[in-house]
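Visitor: dropping the sequence and predicted coords here.
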Number of protein chains: 4
Amino acid sequence: MDAREAISELVIANRVVAHLKLVDSFGHVTIRNPENPQRFFMSRSRAPSLVTKEDILEFHLDSAPVDLRGFSPYKERFTHGALYRARPDVIAICHNHAHELLPLAVTKTAMRPALHSASVIGHDVPVWDIRDEFGDTDLLVTSNEMGDSLARSVGKGRAALMRGHGSVVAGKSLRDTVFITFYLRLNAEVLIKAMSMGKEITYLSAGEVEKSGELHSQPLSQGRAWEEWCLQAGVAKLPL
Amino acid sequence: MDAREAISELVIANRVVAHLKLVDSFGHVTIRNPENPQRFFMSRSRAPSLVTKEDILEFHLDSAPVDLRGFSPYKERFTHGALYRARPDVIAICHNHAHELLPLAVTKTAMRPALHSASVIGHDVPVWDIRDEFGDTDLLVTSNEMGDSLARSVGKGRAALMRGHGSVVAGKSLRDTVFITFYLRLNAEVLIKAMSMGKEITYLSAGEVEKSGELHSQPLSQGRAWEEWCLQAGVAKLPL
Amino acid sequence: MDAREAISELVIANRVVAHLKLVDSFGHVTIRNPENPQRFFMSRSRAPSLVTKEDILEFHLDSAPVDLRGFSPYKERFTHGALYRARPDVIAICHNHAHELLPLAVTKTAMRPALHSASVIGHDVPVWDIRDEFGDTDLLVTSNEMGDSLARSVGKGRAALMRGHGSVVAGKSLRDTVFITFYLRLNAEVLIKAMSMGKEITYLSAGEVEKSGELHSQPLSQGRAWEEWCLQAGVAKLPL
Amino acid sequence: MDAREAISELVIANRVVAHLKLVDSFGHVTIRNPENPQRFFMSRSRAPSLVTKEDILEFHLDSAPVDLRGFSPYKERFTHGALYRARPDVIAICHNHAHELLPLAVTKTAMRPALHSASVIGHDVPVWDIRDEFGDTDLLVTSNEMGDSLARSVGKGRAALMRGHGSVVAGKSLRDTVFITFYLRLNAEVLIKAMSMGKEITYLSAGEVEKSGELHSQPLSQGRAWEEWCLQAGVAKLPL
């Protein structure tokens, strides 16, 4: 994949996460530049459903823009830059406020996978609270220090919930990241209902997380969802 | 913005709140006349999804019509007139029965923001109960006395829940008002689920409400949602 | 309104209740023949979303068909015949399995209105359990005796829940019946969430039910919803 | 029905279960070959919403493919082969991860029907936990031994929940299987909400399950839903 293809895939991913309502007007998805891993691509500040390739900007890993071309960048780009810096294995990131997982975020409920398809979220998803380290803020990750703190919370994992805010997901490709985000949300929905029922939840065992996570990270599994999502979102044949 | 533009924006806002299901066949959104702050614009009695500029009527701040042109006005226009009278800073108002926040309205559960994007609802959203002051009624705000009572409940805030009925939201512009209404509903949904889980909720601190509220009141933030909502509602290019 | 117009309105009502998901493939809506109050109109056994005027059959009040024209009738027509017989004031009936109210039906939770728009359901909605009088059945109302029993449960009211099954709603016109059914469901949804939150519910007072019920039974109120629902369901200009 | 017609019906069923969101990108529906009951038809590994007749493959009852024609088969085909082998009366099977029933699957909550239309799920739906017999796995049914274990859990019934995974449904025809799956999900949704309300559930009696189950298994009942679902899914006139 070269930079041009990465940008095409990023536009498609924006449309897909919007179609799946993983993001509303806010939230964003990014990809590391395959031609220069010290940079990443991200849309200008715009609702993901509307992003086109003309909206894509490039940033350094300290989240300074390469060239804004007169556009306003997302304020929260530091979430992305810091994670790419801390985690050379991460190729794509999604920051979202998916509505269905917010009850976990406001109750500071760390999450574990209970669904086989949610094994891709990893063994644990912690809750990062920006207030712990930075006191009263507008809750946005708007500096490298904040981004570094969030990246420490993600650690070697795949995701973190953000108290009062949403979540961040880090994957090995755009498809992987969108797939993890989708099943992170589903796992949250299912846990919230199970907790409301007052029943004990049987989580995946550590071995199940490993085995099922490996299976659900394969291109054959993720590609099956990706093919359908692109068609549903109307971007299966997007001229890019 | 002149009166003609205000009316155009009001038609768009009606379509947007209908598309977002913030209102069903009932509920209404209004704007103060920018050319005469002692008057406001409001549709005739009609489902918001169907409102056109021909439906827009003008009212005095005591909610008496300037000219009905043969149309039936909304019975609850007093909600709007009273709030515009009490609050010169308020430019637009939305009264709604958004289904998802009704569980708070019937349990008289006052609300605080737990989501950063819901910081725009302000520090507290009280529950106004028409029965406290007016006894048994049809629950509609159909007099200046009732409107004044509701306006006192809103106070210097952005919104109030109405027991057994819905909510009212007061903003600095139509976009601000729709934005607040959207995140008021989302905050309600998230709190209701969190309460059902039986977990303790971490609300925004006072400082967070201030800082995040300021951020989310900016045209850059609200415009990002507005652009998307207008497109989704099919009114991005409405000939007005 | 003559019989031909009643049939047109009935087709429209079928499409509207299907569009609003008040019924799924099952459930039905009927109207008393305005030219002969000892008869009523009902579709042949078909999903309401697909009903056309060719599908409409006529029945006596003992639910015997006037002329089946080779079609299969709904087995549960006795629900309708019995209610029309017991209640000369009832002009239209909707039997439905609206998914959102089923949690009340399986927990035998009688309902009172907590929303002003739900005042139209009346002071109380009882739960009728077919097993009490008829023992083990397939739960369908398939005889005049069963229909009479259900009609006794409805009494002078507007609706009854049916244990393990759904609900029946009786109104003064098709629009009234669909309106009551819509807000019966919404009231149920709101109560279910409020109960899950573990909070005390403030119901409408008796006086509020009377006053708000009268208001929401007026053609001006119901017509506002009807106009929108017909447009949404694509039957605003149905050639009939 | 000959093999060619069975394949057509299978394509239609794939589109229907996708439209009804009984499956997401995963899950599958199959039919026994009417010309050779020792074989069954199943799509290649693909999202059900995209399946065409060119995607249909044939398998022996040990789930070995007759001819893959270069395609990748679903890994979980053993679920189907084993059930067809154990139950000569079963003609069609649906394995799904319907999102709404997953809270029961992760809390290991066996299910009984509380809705008359859910009588088709039979007297009891057990929860099968792959871990009990096979320890840590990726939770997929990928061997005849696993399939046989799951089939023993289904026993003479219609369905089983699968811990942390989803469910499997076995019916007498494709329509029967889709119908059972639809009402299995609805029953789950209703029970989950009823449990969250903290109210006692009245389940169908054994006699009611028998009588209502017989009624809802008839072609007249199931055909009414099938006609509507095919139209909604856009496959009522599929050229096959």
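Guide: Structure's in. What do you need? Numbers count the residues shown, from 1 in each chain, chains lettered A, B, ... in the order given.

Visitor: which parts of chain A sit against chain C?
Guide: Contact residues (Cβ under 8 Å from any Cβ of the partner chain) of chain A with chain C: A:S196. C-beta here means a position set from N, CA and C on the backbone, and glycine is covered the same way.

Visitor: and chain B, is the longest helix along chain A touching that?
Guide: Criterion DSSP state H: the longest helix present in chain A is helix A:174-197. Yes - using Cβ under 8 Å from any Cβ, helix A:174-197 reaches chain B at A:192, A:195-196.

Visitor: what's the distance between the helix or strand that that helix is followed by and the middle of its chain?
Guide: Sequence order places helix A:206-216 as the next helix or strand after helix A:174-197, per DSSP states H and E. Its chain's C-alpha centre and that of helix A:206-216 lie 20 Å apart, by Cα atoms, centre = their mean, to the nearest Å.

Visitor: check whether the next helix or strand after helix A:206-216 comes near chain B.
Guide: Once the chain leaves helix A:206-216, the next helix or strand it forms, by DSSP H and E, is helix A:219-232. No - between helix A:219-232 and chain B, judged by Cβ under 8 Å from any Cβ, nothing touches; the nearest distance is 15.8 Å.

Visitor: what about the longest helix of chain A, distance to the chain center?
Guide: That offset, for helix A:174-197, works out to 12 Å (Cα atoms, centre = their mean).

Visitor: alpha carbons only: can I get it in PDB?
Guide: Output of helix A:174-197 as PDB, limited to C-alpha atoms (Å, rounded to 0.1, in the frame of the first residue of the first chain):
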ATOM      1  CA  LEU A 174      -7.800   0.400   9.000                       C
ATOM      2  CA  ARG A 175      -9.900  -2.700   8.600                       C
ATOM      3  CA  ASP A 176      -8.600  -4.100  11.900                       C
ATOM      4  CA  THR A 177      -9.300  -0.800  13.700                       C
ATOM      5  CA  VAL A 178     -12.800  -0.500  12.400                       C
ATOM      6  CA  PHE A 179     -13.500  -4.200  13.200                       C
ATOM      7  CA  ILE A 180     -12.300  -3.800  16.800                       C
ATOM      8  CA  THR A 181     -14.300  -0.600  17.200                       C
ATOM      9  CA  PHE A 182     -17.500  -2.300  16.000                       C
ATOM     10  CA  TYR A 183     -17.100  -5.200  18.400                       C
ATOM     11  CA  LEU A 184     -15.900  -3.000  21.300                       C
ATOM     12  CA  ARG A 185     -19.300  -1.300  21.000                       C
ATOM     13  CA  LEU A 186     -21.200  -4.500  20.700                       C
ATOM     14  CA  ASN A 187     -19.400  -5.900  23.700                       C
ATOM     15  CA  ALA A 188     -20.300  -2.800  25.700                       C
ATOM     16  CA  GLU A 189     -24.000  -3.000  24.700                       C
ATOM     17  CA  VAL A 190     -24.200  -6.600  25.700                       C
ATOM     18  CA  LEU A 191     -22.500  -6.000  29.000                       C
ATOM     19  CA  ILE A 192     -24.700  -3.100  29.900                       C
ATOM     20  CA  LYS A 193     -27.800  -5.100  29.300                       C
ATOM     21  CA  ALA A 194     -26.400  -8.100  31.200                       C
ATOM     22  CA  MET A 195     -25.600  -5.800  34.200                       C
ATOM     23  CA  SER A 196     -29.100  -4.400  34.100                       C
ATOM     24  CA  MET A 197     -30.500  -7.900  34.200                       C
END
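
Visitor: between it and helix C:174-197, how big is the angle?
Guide: Calculated by axes from the mean of the first three to the mean of the last three Cα atoms, to 10 degrees, helix A:174-197 forms an angle of 80 degrees with helix C:174-197.

Visitor: return the residues in contact with the residue nearest to the spatial centre of chain A.
Guide: The centroid of chain A falls nearest to A:C94 when counting by Cα atoms, centre = their mean (2.2 Å). Each residue near A:C94 by Cβ atoms under 8 Å, 6 or more residues apart in numbering or on different chains is listed here: A:17, A:22-23, A:27-30, A:168-169, A:171, A:177-178, A:180-181.

Visitor: mind redoing it with 6 Å?
Guide: A:29, A:169, A:177, A:181 (Cβ atoms under 6 Å, 6 or more residues apart in numbering or on different chains).

Visitor: then A:R158?
Guide: Applying Cβ under 6 Å, 6+ apart, the residues near A:R158 are A:121-122, A:170, A:180.

Visitor: same question, A:A18
Guide: So A:A18 contacts A:48-49 (Cβ under 6 Å, 6+ apart).
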